[in-house]
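> coords please:
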Amino acid sequence: MRIAIAMLTGVLLASLAHAAQSSIVGDWYEEAVYGGSRTISVLHIKADGSFSAVYRTCLKHGELDNTDSGRWTEQNGKIRMMTDMANGVMSFAIDDYETKSNDGHIWVYQGVAGEGFAKYGPVTFRDVRVTADSKVPSCDVVS
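Numbers count the residues shown, from 1 in each chain. Alright, predicted model coming up:
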């Protein structure tokens, strides 16, 4: 009986650990190409339902930085990002994404609806978990 309880406890703890690892809450780094330009970003997703992001578009001659912040929701791998501030100006945009995979370290998701989807189509993003103090690097140092 003790062995069965210990095994069940182990399975439950492993399941909880996996669930915690696959959460999108945290800090994410990404590089993607869309709209003809390479974009690098750091996305901070908080457990309170807020997010902030810094995007750096790598241009032929320089870089262009943008910031977004707002609210997010997730249900069954479907993520909705509701931007209410863009570059310090009140804004309103809703973008929907679908998680393809998330092992807690690598999160792969795809745009499925919203302004970004209408503009760029079904871009697939591959984000890597980083620390909360991570910053977007210069385009010159990113390979």
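> after the strand or helix carrying Arg56, next one along is what?
Applying DSSP states H and E as the criterion places Arg56 in strand 50-59. Helices and strands here follow DSSP H and E; after strand 50-59, the next one along the chain is strand 62-75.
> For that following strand, which helices and strands make contact with it?
strand 50-59, strand 78-86 (3 or more CB pairs under 8 Å, 6 or more residues apart in numbering; DSSP states H and E). From N, CA and C alone the C-beta is placed, and that goes for glycine too.
> Mind picking out the helix or strand in the protein with the poorest mean pLDDT?
In the chain, the helix or strand scored least confidently by mean pLDDT, DSSP states H and E is helix 2-21, which has a mean of 43.
> Who are the contact partners of the closest residue to Tyr120 other than its chain neighbours?
Excluding its sequence neighbours, the residue lying closest to Tyr120 (CB to CB, 6 or more residues apart in numbering) is Tyr34, at 4.3 Å. By CB atoms under 8 Å, 6 or more residues apart in numbering, Tyr34 lies in contact with Tyr120, Gly121, Val123.
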